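> Kindly return the folded structure for what I paste below:
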Amino acid sequence: MVVYNCIDCQKEIKFELVKKRVRCPHCGSKILYKPRVTSAVVDAV
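Numbering: from 1, shown residues only. From the prediction side, this is the model:
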């Protein structure tokens with residue numbers, strides 16, 4: 001599931017809503033971003 005965040009109100013927006021209209025349904029902002037996933041580095045012993 002792809003989730004975007006609004007730059008203004010920081011609420012999560014599902015891809016289905018972004019596919020129809022590129023605006024935040026909560027505040028109307030046009031700037032959305034996809035949060036990065038952080039990965040953990042594990043050292044091999």
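
> Quick one: end-to-end length of stretch 18-34, please.
Start-to-end span of stretch 18-34 (CA to CA, to the nearest Å) is 11 Å.

> Apologies, that question was intended for stretch 38-45.
Distance across stretch 38-45, first residue to last, is 22 Å (CA to CA).

> ditto for stretch 2-20
Termini of stretch 2-20 sit 14 Å apart (CA to CA).

> pLDDT (mean, whole number) over that stretch?
Averaged across stretch 2-20, pLDDT comes to 88.

> list the buried ones in it?
Y4, N5, C6, I13, V18 (16 or more other CB atoms under 10 Å). Using the backbone N, CA and C atoms, a C-beta is placed for each residue, glycine as well.

> and what of stretch 20-35?
R23, C24, L32.

> Now do it: distance to the chain's middle.
Centroid displacement of stretch 20-35 relative to its chain, using CA atoms, centre = their mean, to the nearest Å, is 9 Å.

> Residues touching it, excluding its own?
Defining contact as CB atoms under 8 Å, 6 or more residues apart in numbering, one finds that stretch 20-35 is touched by V2, V3, Y4, N5, C6, I7, D8, C9, K11, I13, L17, V18.

> so which two of the residues you listed are the farthest from each other?
V2 and D8 (19.8 Å; CB to CB).

> any idea which helix or strand carries A44?
Using DSSP states H and E, A44 maps to neither a helix nor a strand.

> quick one: which of the contacts of stretch 20-35 sit in strands?
V3, Y4, N5, C6, I13 (DSSP state E).

> need those residues in TSV with distance to S39, can you?
TSV is the format used below for these (distance: CB to CB, whole Å):
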residue	distance to S39
V3	17
Y4	20
N5	19
C6	24
I13	24
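
> Helices along this protein, start to end?
Using DSSP state H, the helices found in the chain span residues 15-20.
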